[in-house]
Every structure is written in structure tokens, then in C-alpha cells.
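**Student:** Need coordinates for the following:
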Amino acid sequence: MEKEAKFWKSLNGKVQCLLCPHKCILKEGQRGICGVRENRNGKLYTLIYASCSSAYPDPIEKKPLFHFYPGSLVFSLGTVGCNFKCLHCQNYSISQVKPEDYPLAEIMPDDAVERTLECCDGIALTYNEPTIWWEYAYDVFKIAKEKNLYTVFVTNGYINEEPLEEIAKYLDAVNIDTKSMSNDFYKEICKAKLEPVLQACKLYKEKGVHIELTYLVIPTKNDDIEDIKKYCRWVLEELGEEQVVHFTAFYPHYKMLDLPPTPFKKLLEIYNIAKREGLYYVYLGNVPHGDYENTYCPNCGNLLIERHGFSAKIKGLDGKKCSKCEMKIPIVI
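**Tutor:** Numbers count the residues shown, from 1 in each chain. As a prediction, the model looks like this:
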């Protein structure tokens, strides 16, 4: 569904999109890198308003969000397109296609919220990049908050300051896919830049949005131990010791079929480094070892939340405190 977009300006007979750091300058009929925003007669249009490729109830742990309403269900919506071109994308079948080339269902904002109320505690825009769905996200989230639902983005963090500040008014939580501390990695693998992602992480936190970070560990690409240490130190210094970080295993996909899966030994090494650097809440994902998905009190070691797969059970929390030592735990429940 087409609708006039926000965050753009006229520029010498062209249109410049100001939604994300690419700041695409578009001639008549041209689309941005995302593939879903187009110059039509000197105005910028989104081609995917209310156009859904996916709509499912999911456990909130699948996003992954571990310190945000554990055990709850979130109605998860996706569309098509992305402002990244990641060579390892798990959802390339929707993120790298044109709207006209994929069967999309129209789910208007009111309908999306009504469906959420029937089965879930909140609503998430996920599967592909939600930033490029900004107009729909804003309208959906505004209604969702009126109905006391929580709202979630699962995002690459590639968004400019003004649209971030506007959506943050109605956004409760984000999982940000921080892919590397190397700008070269972002340029080669994602066709983007590192610094805007780091800035978005800080700005979301400043705006009071609950954030959790995911780092997919890709062998030979972003698993250098010195880079991992640099990443952990950046998280510690800029976001704090209580920042939740998920290190997840890579499996060959899309245009990276020649690389091996991430060895569990490497993930365990990274886990121990992150803990030694001073991060309290570090998790490992896409691995069969469940202990690294449980939440423990960093003060006394009490098991706070036990997880199996995508299920979660609160064990040692008294409200937002450890039931043994009464340490305050950064969690939304």
C-alpha cells in the first residue's frame, strides 16, 4: 500500500530521503537503497504502508529480549525491504525483494492492534528492517500504547536522529543487531557504516527505550578477539555494565555458504571475555547449552530466570530484585 512518506526534502528537482543515514537522493521514479521508498512526482512515498509479509505470535525471547516481559507473547509483523544488504541475511527472501515481487497482505494499524489484543501482550515489527516501515510503525505503536500493549523494534539501528526521537515516544523496547566494531565489516558485508549504529544505540537508551544488543559471531569476519574486547569495552563505557548483550552463533546462509558455523568453543571464549570486561548480563544464542540463556544474579549467583528454548520461567525474582540478596535487576516485568 502506498502512502506519502515522512522525513524527506526536495533537492534541486530531486528528493532526498532523511529516514536513515544513507540519505538517498532520488530522481523521479527512483527508489532508495531500501527498495521501498520512491520519488513520485517530486514527493517521497512509502510503497509498503500496512503491507505485511509475515504476522505471527512469537515468544518475546525469540526477538531476543530477555529482560523485557519474560515469558510473554508478542504479535510479530514484517514486511519487505531493508536498508542493509547483509551477505549473511537469514531473512533475505523478504529483506532483499521488491514489494511487487512478494505476496503481501494488507493489515491496517487498527486491525494489527486488534489481532494483538486477541493473543499477545505486545506488538513487534521484526523479520526485516522496521526502520523502513516507519510510517506504519508510528501509527501502529500509537494505537497500541492507547490499548496498554508494549511495542518492540528488532532493528539494525540504521536510523537518523529525528525519526528515532519521534518513534521513541511510542516504543518500549528494541533489540539492536550490532554486527561488528569494524567499519570495514559494515562496508563490505552490510553496505553501510558503523558509527550511525553506535549513535542509535546511545540515543535509544537516552530516550528511555529498553535496549538489548545482539552480536552474530561470524567466523573470520567479526570474531577477532581484540575486536570483541573493543566491542565489550564500548558497551561498558557507553551503555553500562547492566547492558544486556546476546552473542549468537552463525550458520551458513544466503551469500555466506562458504563459511563454517560458529564453534561453541569460540562463543564460550567470547562469553568469558565479556564477563571479565565487566558486563553483568551476557547470553549465548543459537547453541544447545541452555545455561548460557539463563539469567543469574551478578551479585550472589541466584538463578533469576530459567529458559528452555524460547520459554522462560521466573525463579528467583521478587519484583525487580533478586530474591536472595535483594540486588536490583534491570528488567521490565
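
**Student:** Name the residues linked to residue 212 by a beta bridge.
**Tutor:** Residue 212 has the following beta-bridge partners by DSSP bridges: residue 175, residue 244.

**Student:** quick one: the helices in the stretch 101-250 of the chain?
**Tutor:** For the stretch 101-250 of the chain, applying DSSP state H, counting those that start in this stretch gives helices covering 109-119, 134-146, 161-168, 183-185, 195-206, 225-238.

**Student:** ok, residues contacting the first one?
**Tutor:** In other words, helix 109-119. Contacts to helix 109-119, defined as Cβ atoms under 8 Å, 6 or more residues apart in numbering, come from residues 50, 55, 57, 73, 75, 77, 107, 122-123, 136, 139-140, 143-144, 147, 149. For glycine as for every other residue, the C-beta is placed from the backbone atoms N, C-alpha and C.

**Student:** Of those, which is the nearest to residue 289?
**Tutor:** Top of the list for closeness to residue 289, among the contacts of helix 109-119 and by Cβ to Cβ, is residue 73 at 25.1 Å.

**Student:** what's near enough to touch residue 200?
**Tutor:** Contacts of residue 200 were listed using Cβ under 8 Å, 6+ apart, and they are 157-159, 164, 176.

**Student:** and residue 20, how many residues sit next to it?
**Tutor:** A count of nearby residues for residue 20, using other Cβ atoms under 10 Å, gives 28.

**Student:** Could you do residue 328 as well?
**Tutor:** Other residues close to residue 328 by other Cβ under 10 Å number 11.

**Student:** Against residue 283, how distant is it?
**Tutor:** From residue 328 across to residue 283, the span is 19 Å (Cβ to Cβ, to the nearest Å).

**Student:** Going by distance to residue 7, which of the contacts of helix 109-119 wins?
**Tutor:** residue 136 (13.7 Å).

**Student:** about what we covered before: buried ones from the contacts of helix 109-119, can you make that a ChimeraX selection?
**Tutor:** A single ChimeraX command selects the buried members of the contacts of helix 109-119 (16 or more other Cβ atoms under 10 Å):
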select :50,55,73,75,77,107,122,123,136,139,140,143,144,149
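
**Student:** ok, the contacts of helix 109-119 vs residue 65, which is closest?
**Tutor:** The nearest member of the contacts of helix 109-119 to residue 65, counting by Cβ to Cβ, is residue 122 at 9.8 Å.

**Student:** That closest one bridge partners, please.
**Tutor:** Going by DSSP bridges, residue 122 forms beta bridges with residue 74, residue 150.

**Student:** And for residue 306?
**Tutor:** Going by DSSP bridges, residue 306 forms beta bridges with residue 313.

**Student:** wouldn't it be in contact with residue 315 here?
**Tutor:** Yes. With contact defined as Cβ atoms under 8 Å, residue 306 counts as touching residue 315 (5.2 Å).

**Student:** Out of these two, name the residue with the larger neighbour count.
**Tutor:** Using other Cβ under 10 Å, the more surrounded residue of residue 306 and residue 315 is residue 306, with 18 against 14.

**Student:** before we move on, the earlier item: between all of the contacts of residue 200, which two are separated the most?
**Tutor:** Farthest pair in the contacts of residue 200 (Cβ to Cβ) is 164 and 176. Separation: 11.2 Å.

**Student:** Show me whatever sits in contact with both of the two.
**Tutor:** The contact lists of residue 164 and residue 176 share 200, 204, where a contact means Cβ under 8 Å, 6+ apart.

**Student:** any idea how far residue 315 lies from residue 70?
**Tutor:** 11 Å.

**Student:** shared neighbours of the two, anything?
**Tutor:** residue 305.

**Student:** May I see the buried residues of stretch 224-243?
**Tutor:** Buried positions in stretch 224-243, judged by neighbour count with 16+ other Cβ under 10 Å: 228-229, 231-232, 235-236, 239, 243.
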